[in-house]
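*Asks:* Pasted the sequence and its predicted model underneath.
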Amino acid sequence: MRRMSPRQARRMLQQMGMKMEELEGILEVVLRTAEKEIVVEAPSVAVVEMQGTKIFQVAGGRIIERPASTAPEAVKERVSEADVQLLVLQLGVSAEEARRALEEAKGSLAEAILKLQAMKRS
């Protein structure tokens, strides 16, 4: 099969109604799941846009897998004000108690409710 130059590939994509752009200066890409983080260092990243949808293609680079971050900053990001207000209104606890319960439950609303209900019973 004949190799295609980047210019030919770009023209072919344009004919199909797609746009492709290479992103420059990307240092790393981090993919987070509940269990782990996948870090791609020095990747090649391209954005393909078709029918109003953007697709990010990440290739190459050194790949590092590590456990999910359990740093307090990461947990605080998962605690939304809406969840805090819901706990305050539904359980009659202070916003500080609700926030603390959510942080201890790592953002899980159901677990925070159970903790607060158990504290009320004690």
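*Replies:* Received, thanks.
*Asks:* how near is residue 111 to residue 22?
*Replies:* 43 Å (CB to CB, to the nearest Å). All C-beta atoms are positioned from the backbone trio N, CA, C, and that covers glycine.
*Asks:* same thing with residue 34?
*Replies:* 31 Å.
*Asks:* out of the two, which sits in the more crowded spot?
*Replies:* residue 22 (12 against 6; other CB atoms under 10 Å).
*Asks:* Do I have it right that that one meets residue 56?
*Replies:* No: contact criterion CB atoms under 8 Å: residue 22 and residue 56 do not qualify, at 11.5 Å.
*Asks:* Now do the helices for the protein: every range, in order, please.
*Replies:* Using DSSP state H, the helices of the chain run over 6-15, 72-78, 81-91, 95-104, 109-121.
*Asks:* Just name the most buried of those helices.
*Replies:* Highest mean neighbour count of the helices of the chain: helix 95-104, a mean of 18 (counted as mean count of other CB atoms under 10 Å).
*Asks:* Next, the angle from that helix to helix 81-91.
*Replies:* Between helix 95-104 and helix 81-91, the angle comes out at 120 degrees (axes from the mean of the first three to the mean of the last three CA atoms, to 10 degrees).
*Asks:* what's the angle from helix 95-104 to helix 109-121?
*Replies:* Using the same axes, to 10 degrees: helix 95-104 against helix 109-121 is 130 degrees.
*Asks:* Give me the common contacts of residue 22 and residue 56.
*Replies:* 45-46 (CB atoms under 8 Å, 6 or more residues apart in numbering).
*Asks:* Provide a list of residues in contact with residue 38.
*Replies:* Here residue 38 is in contact with 30-31, 63-65 (CB under 8 Å, 6+ apart).
*Asks:* which intervals of this structure have sub-threshold pLDDT?
*Replies:* The chain contains residues with pLDDT under 70 at 1, 69-77.
*Asks:* Centroid-nearest residue for it?
*Replies:* residue 32 (5.5 Å; CA atoms, centre = their mean).
*Asks:* Relative to residue 78, how far out is that one?
*Replies:* On the measure of CB to CB, residue 32 and residue 78 end up 11 Å apart.
*Asks:* Please apply the same query to residue 108.
*Replies:* 9 Å.
*Asks:* All set, thanks.
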